[in-house]
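Asks: next input, structure requested:
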Amino acid sequence: MLHLELICIGKTSFGYIQEGLDDYINRLKHFCKFQLKVLPDIKENLSRSELIKKEEQLIVKHLVNNNDYIVILDERGQQFTSLKFANWLDKKQVQGIKKIVVIIGGAYGFSEEFKTHVNEKISLSEMTFSHQIIRLIFTEQLYRAFSIIHKLPYHHE
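Replies: Below you'll find the model as predicted:
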């Protein structure tokens, strides 16, 4: 069974987002081993670049296996339709990838250097979303992708 890990910076401060996350995380249990890792906000008064660097250092501490497939959500990443994302996910499983780690950065995203050390960059939209709401959107899209792969009636197309 595929292991999917979603790493985020900072707690979810809105109950409705957490409620939605809990719902989709529960649904995902039928298709994969899903883990949400929420790393603490950095509360120091730092410049934008210093904050990004500290967040990345925190993230790297949680990337323990060199065989993991690392994906970041980034506005300049590849965009998919839901069907193409399901196909992408299915191909990763067929290729024998055991664990996909998806990382949502903090409010300022990732440094260009960090981006060179990941396997793939995915964008969910050309629009900008808060780093909290994107957790719910991405988790819903994961569930949608698995429902497409398993031919469940969740996705209407």
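Asks: across the sheet, point out what pairs with the most centrally placed residue in the chain.
Replies: In the chain, the residue lying closest to the centroid (C-alpha atoms, centre = their mean) is residue 102, at 3.6 Å. With DSSP bridges as the criterion, residue 102 is bridged to residue 6, residue 71.
Asks: distance of it from residue 35?
Replies: Shown here: residue 102 relative to residue 35, a distance of 11 Å by C-beta to C-beta, to the nearest Å. Every C-beta, even on glycine, is put in place using the N, C-alpha and C of the backbone.
Asks: in this protein, which spans are strands?
Replies: 3-9, 33-39, 69-79, 99-104, 120-123 (DSSP state E).
Asks: got those as TSV, with mean pLDDT and distance to residue 112 columns?
Replies: Listed next are the strands of the chain as TSV, based on pLDDT from 0 to 100; distance: least, C-beta to C-beta, whole Å:
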stretch	mean pLDDT	distance to residue 112
strand 3-9	97	18
strand 33-39	97	21
strand 69-79	96	10
strand 99-104	98	15
strand 120-123	98	11
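Asks: switch those over to JSON lines; also include distance to residue 110.
Replies: Shown next, in JSON lines, are those (distance: least, C-beta to C-beta, whole Å):
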{"stretch": "strand 3-9", "distance to residue 110": "11"}
{"stretch": "strand 33-39", "distance to residue 110": "14"}
{"stretch": "strand 69-79", "distance to residue 110": "6"}
{"stretch": "strand 99-104", "distance to residue 110": "8"}
{"stretch": "strand 120-123", "distance to residue 110": "9"}
